[in-house]
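**Q** Structure for the following, please:
(chains A and B)
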Amino acid sequence: MAERPHLAVIGAGPAGLAASLAAAVHGVRVTLVDAGTEAGGQFYRQPAAALGARRPQTLHHQWRTWERLRTGLDGQIAAGRIRHLPDHHVWCVERESGDGGFGVHALVGPMQDDGVVVRADAVLVATGGHETVLPFPGWTLPGVVTAGGAQAMLKGGLVLPGRTVVVAGTGPLLLPVATGLATAGAHVAALVESADPRALLRHSSALAAQPGKLTEGARYTARLLRHRVRALVRHTVVEAHGTDRLESVTVAALGTDGRVRPGSERRIPCDTLAVGHGMLPHTDLAETLGCALDGTDVRVDDEQRTDVPGVWAAGEATGIGGAALALAEGHIAGRSIAARLHGSAPDPRTWAAAARARTRLRTFFAAVDAVFAPPVGWVEQATDDTVVCRCEEVTAGEVRSAVGGFGAGDLRTVKLLTRAGMGWCQGRMCGPAVAGVSGCTLTTPRRPLARPVPLGVLAGVSEEGLPALSEEDLE
Amino acid sequence: MAKRLTCDVVVVGAGMVGAACALYAARAGLDVVVVDRGPVAGGTTGAGEGNLLVSDKERGPELELALLSARLWAELAEEFGSAVEYEPKGGVVVAATTEALASLKDFAAAQHAAGVMTEVVDADQVRSLEPHLAPGLAGGVLYSQDAQVMPALAAAHLVRASGARLCTGRTVTGVLRTAEGAVRGVRTDDGEIHAPAVINAAGTWGGDVAALAGAHLPVLPRRGFVLVTEPLPRLVRHKVYAADYVADVASDSAALQTSPVVEGTAAGPVLIGASRERVGFDRSFSLPVVRSLALGATRLFPFLERVRALRTYVGFRPYLPDHLPAIGPDPRVPGLFHACGHEGAGIGLATGTGHLIAQALGGKTTDLDLTAFRPDRFSGDEVNSP
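**A** Have a look, this model is predicted:
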């Protein structure tokens, strides 16, 4: 049979799924490579089948959108147009010399210690984003979890992180996390948001463009009221207390200057603190391919193409904007890829609705970014003995000394002199914290290994040494 | 308003070599300014492994410099010790076959005659030195003078201890000359720095700084990747490499060479490095290169197959056509001194280089004859007018 062009999609969240479906429907063979055990990504994270969840939809919104994606995926898999590779952890995408194709290198197996390669004519980077957490005294105590982590436990494991929970930080994620925890039976002692979401009203054009988001917010707020959750806006957690594990947190009000108002501190007993300060895109794979970034986001054009031929990007990797934006971008990317791989220029009119949604949502999330910025005073909360880099146990004091005592003026030098960011997470978690404490600009270091790779796998990377997933597997 | 500084000597480059020049010049009583367009250790120093090796150098001027440097590093270690992660761990060079061992023994015998401490070890002794080495090796040589340092920490601590004024993020755009052609300082993008002496310690970019003074110095980059593993308990005790590494270091080939040096570090990770390629300043990741590093390392230490690499980074060694550095006064430009082009050995050779430069600055007889390192040895007729 005539060879249909082959696309590798990295990430099976909303962007990756939408792109896979759009491309598959238009004559492209798709291999969907994903680290999760089930498709859906973080947003549509599915409970493990073994848990036998009877009503998983109660933990989600936009369930119908998910059902549509799931049905579409099942159909395309059955038709042999999409191959879904779950539990595949991609550590590098390489542009192969010669035919201009790509090699997607992934780790598989229960210990992720075997390697496979997927070869493709084009790649879509739909790698999503990750949460950022800024440090404060006590944040490394057991019982302190990330907001996204709490949500993942709930959606994926159907478990609550604790009985009495404070949800804190900043960003649009906090509201659904608090609501989800309360709905599932946790006592949410407080929702502590450092920004004032009412400031969004000042961005009237953004809201006018996205009335649905207002309704969504109102729905969450109503649910919180029903569960008697105390919402503290323009407040922040200044310290987490406990000996062996978390026992309480101190929260305080923020002044208009973004700093703690003296005397406003109060303690809230809790066994869990779910904290998050927004998200950053996962760009390692794109960067190693040579894709240009705009700030922290992969740069794309109107068709979601990066500046590297054959590489597209969609979803959070191109800028944090939530699931609906990821779906729109993924759909556009899939249509563009299908046309380009068949040698023709795509007609943007075929994705006009998605393009309109993309414009509206990008405007809205630009306003969200402006409103939900961490308070400027967080840096002062990180005392000298507060750990900022957990992997290497580097304190704020050590980072400050590298800057003050040795003249480090950028993140790389701070890392070289303190080891902050040299450990397992390679600065993914601590990057924003180290940047803030050191006063350096947040820059993404190159990470050619997107995740830790056994040397035996690295050594075996060759045409003959590794089990390449052959074209026949797909037929 | 642009700043104007006056001092005795300007060191261009805040890497390891510039830091050592600053330290020894300051200790000779000179007022020093260190200027760098980037941060401290921002170039090759920040991408290095911190090899202080005598083992890989054949008899000759570079070995003499390495032996002088090793003594000076040991002295500095008394002062800085753990702050710069100095470890006199020794090196073990292994040979897979009896033929390779025979030529390694010959190589070591010549080094021994030049003052290197060498100890030939048989297969069993190699295993007791490094219990996790692959079985079946013919033997090796133990070099107890090989040591290790954390290069970025070393550069930062030496600069600070020198008391030199440090101007980072400031680019040298010109070398100021008198009517007679002598150096009188540097021009930067943020004002002039006046001094009767300028030291070119710009590493891989040393050719550009020389050109600003109208001097020809053909420094070129030789790319290297280093692999870093997850933190481990100390399973690799020495700097360990296979005998063919020496041939790679001395090679003129532009093609990729990888016979990696494998070593544990004070912080826990095992370092594997480094490849050698001439591809200009191309920073793009090369999976085949990193693959060959991993292959070489796992052949030496099979247990590494299951160990995870956390990161890899790239750097550019500054090399000159005859693989020797340029050290000393430039006869073409009075007041200009060079301390660059150390290829992959700059961390190790930094102390000797700084010491010799300080002696030359003071007009003293240098401890080593600098003839082999003369900066004008490549083509003396290419001096441009100031």
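**Q** okay, now the residue of the stretch 201-350 of chain B found nearest chain A: neighbour count?
**A** Nearest to chain A, among the residues of the stretch 201-350 of chain B, is residue B:305, at 3.2 Å (CB to the nearest CB). Using the backbone N, CA and C atoms, a C-beta is placed for each residue, glycine as well. A count of neighbours around residue B:305, defined by other CB atoms under 10 Å in any protein chain shown, yields 18.
**Q** Over to it. Which of the three states is it?
**A** Of the three states, residue B:305 takes helix according to DSSP: H, G, I helix; E, B strand; the rest coil.
**Q** what sits against it?
**A** Shown in contact with residue B:305 (CB atoms under 8 Å, 6 or more residues apart in numbering or on different chains): A:454, A:455, A:456, A:459, B:298.
**Q** Excluding covalently adjacent residues, which one is nearest to it?
**A** Leaving aside its sequence neighbours, residue B:305 sits nearest to residue A:456 (CB to CB, 6 or more residues apart in numbering or on different chains; 3.2 Å).
**Q** So that neighbour lies in a strand, does it not?
**A** No. Applying three-state DSSP, one finds residue A:456 to be helix, outside a strand.
**Q** ok so, going back, out of the contacts of residue B:305, the closest to residue B:185 would be?
**A** Taking CB to CB as the measure, residue B:185 sits nearest to residue A:455 out of the contacts of residue B:305, at 49.6 Å.
**Q** confidence score at the closest one?
**A** Per-residue confidence for residue A:455 comes out at a pLDDT of 96.
**Q** so it makes contact with residue B:296?
**A** No. The criterion here is CB atoms under 8 Å, and residue A:455 misses it with residue B:296 at 10.2 Å.
**Q** Quickly list what's touching both of these two.
**A** Common neighbours of residue A:455 and residue B:296 (CB under 8 Å, 6+ apart) are residue B:272.
**Q** the more surrounded of those two?
**A** A count of neighbours by other CB under 10 Å puts residue A:455 above the other of residue A:455 and residue B:296, at 26 against 22.
**Q** tell me the contacts of that one?
**A** Taking CB under 8 Å, 6+ apart, we find residue A:455 in contact with B:227, B:229, B:272, B:294, B:297, B:298, B:304, B:305, B:306, B:307, B:308, B:309.
**Q** who does the third one bridge with?
**A** Note on residue B:272: beta-bridge partners residue B:227, residue B:262, judged by DSSP bridges.
**Q** The last one now?
**A** For residue B:309, the beta-bridge partners are residue A:453, residue B:229 (DSSP bridges).
**Q** if I pick it, what's in contact with it?
**A** By CB under 8 Å, 6+ apart, the contact list for residue B:309 reads A:449, A:452, A:453, A:454, A:455, A:458, B:227, B:228, B:229, B:230, B:272, B:294.
**Q** Which pLDDT value belongs to it?
**A** Looking at residue B:309, its pLDDT reads 96.
**Q** try the fifth one
**A** In the prediction, the pLDDT value recorded for residue B:297 is 93.
**Q** ok, now residue B:232?
**A** On the pLDDT scale, residue B:232 is placed at 94.
**Q** OK, contacts around it?
**A** Residues near residue B:232 by CB under 8 Å, 6+ apart: B:264, B:268, B:269, B:270, B:307.
**Q** Let me see the domain layout of chain A.
**A** Domain assignment for chain A by automatic domain parsing gives A:6-130+A:280-346, A:133-277, A:382-438.
**Q** Residue B:143: how many residues sit nearby?
**A** Neighbour count of residue B:143, defined by other CB under 10 Å: 23.
**Q** no, scratch that, I was asking about residue B:192
**A** Using other CB under 10 Å, residue B:192 has 18 other residues around it.
**Q** Would you double-check that it falls in a strand?
**A** Yes. Using three-state DSSP, the assignment for residue B:192 is a strand.
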